[in-house]
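A.B. asks: Here is the input, now give the coordinates:
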Amino acid sequence: MTVLLGSTVGSAEKWIEPIKKELPDEVLRNDPESFDLNDVDILLLGHKVSGIYQKLPNLQLIIGLQAGVDTILNDPELPFHVPIVRACRPNGDQMITEYVLMNVMFHHRNMPFFLKNQRLHIWKKPNVLEAGERSVGFMGFGLIAKPCGMMVSKAGFQVACWTRNSKQVEGIKNFFGDSGLRPFLKQTDILVNILPLTPDTENLLNLETFGMLPEGAKFINIGRGQHVVDKDLVTALDSGQLDGATLDVYREEPLPKDHPFWDHPKITLMPHTARKTRPKEIIPQVSENIRRFRSGKPLLQIVDRLNKY
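C.D. replies: Alright, predicted model coming up:
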């Protein structure tokens, strides 16, 4: 049987040779037009490829090459019977952890205030708090978010998380389910969104939920742009309900040049740079799942097709 590299993050060459080195006995192809696709039983996808599934009648496993698999799950052509696994490092992603800690500190130490005053030539000192006097709340606490939360906790902040189901993590206060959302937001000074995009989480961050935060809260989004109702975020910032936001993801990327986020004085924009998918870090996980599939062992990081996560 054959493994087909259907789409990648970055150049295909960065994936093909390292995978062949890990799995020398596997047939790996990335040229679907030049061989019999009936032989393909494993498909590797960095992003959705329209029409691919109709050509793969014997497909038995899909391996996503990114932590987020929403583009794969939202493909109407996706065969329901084929399991999907994601490719995440089991101990999280160092780049995202660094990014989250950097931006939590950016807002905690009032950097937007200093940058604004520098431009205006104003010498003024704000009220400064210690880390332990602020609560950082994580929406989502899976493989990517948990190391971020633990690092922020080590920096001295009070850390809480909101999850779909109860999750016990030492030193982290957990709120879960619909009933836990309001009390979670009520005690959160800096909100970090790392949720997966599902029908339940789309548009979750809106005027109502922003209103549950303490006045003057800060917001960091590295989940998906579709989690946020853009106009509601602008309204919350303009009213002072939110004091600042750092955004790394957007509904449309690149962000349109006429979008109001560009010139908003309380928004810091970053062009989806929290994480760079690096094949050398992902390929061991991809290879392990291929080995497990071939030997009939349980797969790692299976996607919940029912809940789209």
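A.B. asks: quick one: the strands in this structure?
C.D. replies: Along the chain, the segments classed as strands by DSSP state E run 2-5, 27-29, 40-45, 61-64, 84-85, 135-139, 158-163, 173-176, 190-193, 217-221, 242-247, 267-269.
A.B. asks: just how off-centre is the fifth one within its chain?
C.D. replies: When you say that, I think you mean strand 84-85. 16 Å (CA atoms, centre = their mean, to the nearest Å).
A.B. asks: Would you report the backbone torsion angles of the closest residue in space to residue 182 that isn't next to it in sequence?
C.D. replies: Nearest residue to residue 182 in three dimensions, chain neighbours excluded: residue 212, at 5.3 Å (CB to CB, 6 or more residues apart in numbering). C-beta here means a position set from N, CA and C on the backbone, and glycine is covered the same way. With angles defined as degrees, to the nearest 10, residue 212 sits at phi -80, psi -20.
A.B. asks: ok and the longest helix seen in the chain relative to strand 40-45, angle-wise?
C.D. replies: For the chain, the helix with the greatest residue count under DSSP state H is helix 279-295. Using axes from the mean of the first three to the mean of the last three CA atoms, to 10 degrees, one finds that helix 279-295 and strand 40-45 are set 160 degrees apart in direction.
A.B. asks: Pull out the CA atoms of helix 279-295 and give them to me as CSV.
C.D. replies: What follows is helix 279-295, C-alpha atoms only, in CSV (Å, rounded to 0.1, in the frame of the first residue of the first chain):
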residue,chain,number,x,y,z
PRO,A,279,8.6,19.1,9.6
LYS,A,280,11.5,17.9,11.8
GLU,A,281,9.3,18.2,14.9
ILE,A,282,6.1,16.8,13.4
ILE,A,283,7.5,13.9,11.3
PRO,A,284,8.3,11.6,14.3
GLN,A,285,4.6,11.8,15.4
VAL,A,286,3.4,11.2,11.8
SER,A,287,5.8,8.2,11.4
GLU,A,288,4.7,6.7,14.7
ASN,A,289,1.0,6.8,13.7
ILE,A,290,1.9,5.1,10.4
ARG,A,291,3.7,2.4,12.2
ARG,A,292,0.8,1.9,14.6
PHE,A,293,-1.7,1.8,11.8
ARG,A,294,0.4,-0.9,10.0
SER,A,295,0.7,-3.0,13.1
